[in-house]
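Asks: Need coordinates for the below:
(one chain, ligands or ions: 1)
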Amino acid sequence: MIDNKLNGLIAATYTPLHDDGELNLDPIAALTEWLIAQGISGLYVCGSTGEGMSLSGAERRVVAEAYVQSAAGRVPVIIQVGHNSLAEARQLAVHAQEIGANYVSATCPSYFSINDVNTLVDCMAEVAGGAPELPFYYYHIPALTGSALDMVEFLERGGKRIPNLVGLKYTDTKLHEFLQCLQVDPRRFDVVWGCDEMMLGALATGATAAIGSTFNIAAPLYLGIMEAFRQGDLDEARRLQSLSVEMIRTIGKYPFHAAMKAVLGMNGFDIGGCRLPQGRLSESEIEKLRNDLSSLGYFQWSQPSPALSANSL
Ligand code: MN9
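Replies: Below you'll find the predicted structure:
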């Protein structure tokens, strides 16, 4: 059903902010160029990483437009439209289709939690129906939504009710469930991995694409894991995955996405901190983080190797 499944590394993009917390659209073009140059093969906009839930509907629309324009058809753009108001989520999906996004995706409402798969299907049918021309991925992230429903059942039942359902962004750690989701209907459903620190396990389970926040700051490392896995060099794949685990543990000592934005700052992109409740790092925290990452060798292995840069020119 989908002609183009997602492939490779999809960056869950950040939303640049000014110091006062207002949107700053200016860095988006340069950020997009950099991600594409680093080997990213898609952009996932206004998800958890992009603080979609901390933005107003109007802000989400302009951020979505900025990324669609910057990508300019070179890599697919997926817009995350999940909202506690399903009507607003649906309108955001309508907008995503109007501006020429390639895919739409949504979390489920989370204030009133969802306790059964049929209700989840009803909710996602309403949202996905706003963008009937776009393939739709349900964004499964039970740690944040509180809805830990059976995703195999969701694909089976949702597939019958939602014509444009093409799969999941699977942000959980249950490799056995991920495996079964991949097997429900491989011609129709694409199940994209969403836990960067477990990517190697997901590759062994059958993943061909992953959506993640840390691909913004270390794409070459993750491309290295994929390549080592492809060549059957599991020792090398494990070595590289351990670097990712260490990097994520180091960044995770702070409010995660605020610290990630600081790391993008260290890479030359001044995109501010996060809005509350996530907040921003102090200058001394940023210095400590820089030193800790430096001790891990992050500033060496996060960069493309000369051979890779030459190939990508
Ligand atoms: O979208 C991201 N999940 C969240 C995926 O932000 C909640 C992941 O990329 C994580 O940030 C990453 C680090 O834990 O796996």
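
Asks: the strands in this structure, which residues?
Replies: 8-12, 43-45, 77-80, 103-106, 136-140, 165-170, 190-193, 209-212 (DSSP state E).

Asks: Out of these, which gets nearest to the ligand?
Replies: Ranking those by proximity to the ligand (CB to the nearest ligand atom) places strand 209-212 first, at 3.4 Å. For every residue, glycine as well, the C-beta is placed using N, CA and C.

Asks: What is the neighbour count of residue 37?
Replies: Residue 37 sits with 13 neighbouring residues when counted by other CB atoms under 10 Å.

Asks: Kindly apply the preceding question to residue 238 instead.
Replies: When counting by other CB under 10 Å, one arrives at 13 neighbours for residue 238.

Asks: what's it in contact with, if anything?
Replies: Applying CB atoms under 8 Å, 6 or more residues apart in numbering to residue 238 gives the contacts residue 200.

Asks: interface residues of the stretch 201-313 of the chain facing the ligand?
Replies: By CB under 6 Å from any ligand atom, the residues of the stretch 201-313 of the chain that approach the ligand are 211, 212, 213, 214, 248.

Asks: one more time with 8 Å
Replies: The interface of the stretch 201-313 of the chain toward the ligand, taken as CB under 8 Å from any ligand atom, is made up of 211, 212, 213, 214, 215, 248, 251, 252, 256, 257, 260.

Asks: among these, which ones are buried?
Replies: 211, 212, 213, 214, 215, 248, 251, 256, 257, 260 (16 or more other CB atoms under 10 Å).

Asks: still on that earlier bit, will you turn the strands of the chain into CSV that also has mean pLDDT?
Replies: Formatted as CSV, the entries for the strands of the chain read as follows, by pLDDT from 0 to 100:
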stretch, mean pLDDT
strand 8-12, 98
strand 43-45, 98
strand 77-80, 98
strand 103-106, 98
strand 136-140, 98
strand 165-170, 98
strand 190-193, 98
strand 209-212, 98
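
Asks: Of those, which is nearest residue 66?
Replies: strand 43-45 (8.8 Å; CB to CB).

Asks: and the closest one, is it in reach of the ligand?
Replies: Yes. With CB under 8 Å from any ligand atom as the criterion, the ligand is reached by strand 43-45 at residue 44.

Asks: gap between that strand and the chain center?
Replies: 6 Å (CA atoms, centre = their mean, to the nearest Å).

Asks: Tell me the strands beside that strand, with direction?
Replies: Using DSSP bridges, strand 43-45 pairs in its sheet with strand 8-12 (parallel), strand 77-80 (parallel).

Asks: Buried deepest among these, which one?
Replies: Each of the strands paired with strand 43-45 was given a mean neighbour count from mean count of other CB atoms under 10 Å, and the largest, a mean of 30, is that of strand 77-80.

Asks: Show me the contact partners of it.
Replies: 6, 10, 42-47, 50, 52, 64, 67-68, 71, 92-93, 96, 101-107, 137, 139, 211.

Asks: With stretch 117-134 instead?
Replies: Counting by CB under 8 Å, 6+ apart, the neighbours of stretch 117-134 from elsewhere in the structure are 81-82, 86, 89-94, 96-97, 101-104, 106, 108-109, 114, 136, 138, 147, 149-150, 153-154, 157-158, 161-165.

Asks: ok, and for that stretch, which residues are buried?
Replies: Buried residues in stretch 117-134, defined by neighbour count with 16+ other CB under 10 Å: 117, 119-121, 123-131, 134.

Asks: In PyMOL, how would I select just the buried ones from the contacts of stretch 117-134?
Replies: The following PyMOL selection, which keeps only the buried ones among the contacts of stretch 117-134, applies the criterion 16+ other CB under 10 Å:
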select buried, resi 81+82+86+89+90+91+92+93+94+96+101+102+103+104+106+108+109+114+136+138+147+149+154+157+158+162+164+165
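
Asks: taking the buried ones among the residues of the stretch 201-313 of the chain next to the ligand one by one, which sit in helices?
Replies: Cross-referencing those against helices under DSSP state H gives 215, 248, 251, 256, 257, 260.

Asks: low-confidence ranges in the stretch 201-313 of the chain?
Replies: For the stretch 201-313 of the chain, applying pLDDT under 70 flags the ranges 306-313.

Asks: Apply 50 and report the result again.
Replies: Within the stretch 201-313 of the chain, the stretches with pLDDT under 50 are 307-313.

Asks: What are the boundaries of the helices in it?
Replies: For the stretch 201-313 of the chain, helices defined by DSSP state H, counting those that start in this stretch occupy the ranges 215-230, 234-251, 256-266, 283-295, 298-301, 306-312.
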